[in-house]
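Student: dropping the sequence and predicted coords here.
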Amino acid sequence: MILLQTEGLVKAFGGLRAVNNVSLAIEQGELSSIIGPNGAGKTTLFNIITKNLTPTDGRTIFQNEDITRLPPYKICYKGLVRSFQKTNIFPNFSAFENIQASIFMYNKKQVNMLSRAHNMYRDDTDEILAAIELKENAHMPVSSLPYGDQRKVEIGIALAFQPKLLLLDEPTAGMSRVEALSMAKLVAKLANDRGLTIVFIEHDMDVVLAISQKIRVMHQGAVLIEGKPEEIRKNSDVRRIYLGDEE
């Protein structure tokens, strides 16, 4: 079943088409990646899909509904959730508090002065913390956690909104090799255990090839090719444009 479909998406900045006539179909349960050199239009595509940018042309269909003109918060509440390249968390809150606050927001809970907010959604929060492998450090300030764990908290915040499709923008950016491979395993585990559809932007080809079921390669705003990892690895255009190989 097709969960997300884009039809001829275009985003022009003056005479530059950062996204150029992108049509793609994301199947339910898919774990896939989008790769390409800097400036290829990857993050701009995510921004259009989630309405952080308004497309110049084209439309986005999610669960058979045209969401092209919906505001970002409505798209999020429909189950299309994303993370960003830079961490987007409350650094002085604990991991538990970051995720608990996000569950409040998802459920639109308004806490009055007589409520014991710290007891609300504890089981839901603990379940997400276990899923992102942070239960042991759940009550430490996020600012004191290793960078890789901070990125896990951001994924936990996204999970609080009960996504059907999760878009991850460079989830391993800035990580060490060990952290990056650990994050890749976590992303694959979340997709499998929770039945999540996940599409991620990534530069680390070891991560891409290790967990992607399908890879889409962008170049100059367009999708150059899509296919299984082995097909992408062997494609001469991909090797030339992305990997810098010379024939």
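Tutor: Nice, thanks for sending it over. Worth saying up front: this structure is predicted, and the values here are computed from it rather than measured.
Student: in what helix or strand does Gly58 lie?
Tutor: Following DSSP states H and E, one finds Gly58 within strand 57-62.
Student: let me know the average pLDDT across the helix or strand just after that strand.
Tutor: Later in the chain than strand 57-62, the nearest helix or strand by DSSP H and E is strand 65-66. For strand 65-66, mean pLDDT rounds to 98.
Student: mind listing residues that contact strand 65-66?
Tutor: 59-60, 78 (C-beta atoms under 8 Å, 6 or more residues apart in numbering). Every C-beta, even on glycine, is put in place using the N, C-alpha and C of the backbone.
Student: how is Asp206 assigned, secondary-structure-wise?
Tutor: helix (DSSP: H, G, I helix; E, B strand; the rest coil).
Student: which residues does the closest residue to it other than its chain neighbours contact?
Tutor: Leaving aside its sequence neighbours, Asp206 sits nearest to Leu181 (C-beta to C-beta, 6 or more residues apart in numbering; 7.1 Å). Contacts for Leu181 (C-beta under 8 Å, 6+ apart) come out as 206-207, 210.
Student: and the contacts of strand 65-66, which of them are buried?
Tutor: 60, 78 (16 or more other C-beta atoms under 10 Å).
Student: confirm for me that Tyr121 is in contact with Glu97.
Tutor: No - Tyr121 is beyond contact range of Glu97, at 11.3 Å (criterion: C-beta atoms under 8 Å).
Student: of the two, which one has the most company?
Tutor: Comparing Tyr121 with Glu97 by neighbour count (other C-beta atoms under 10 Å), the higher total belongs to Tyr121, at 21 against 18.
Student: contacts only, for the more buried one.
Tutor: So Tyr121 contacts 100, 103-104, 107 (C-beta under 8 Å, 6+ apart).
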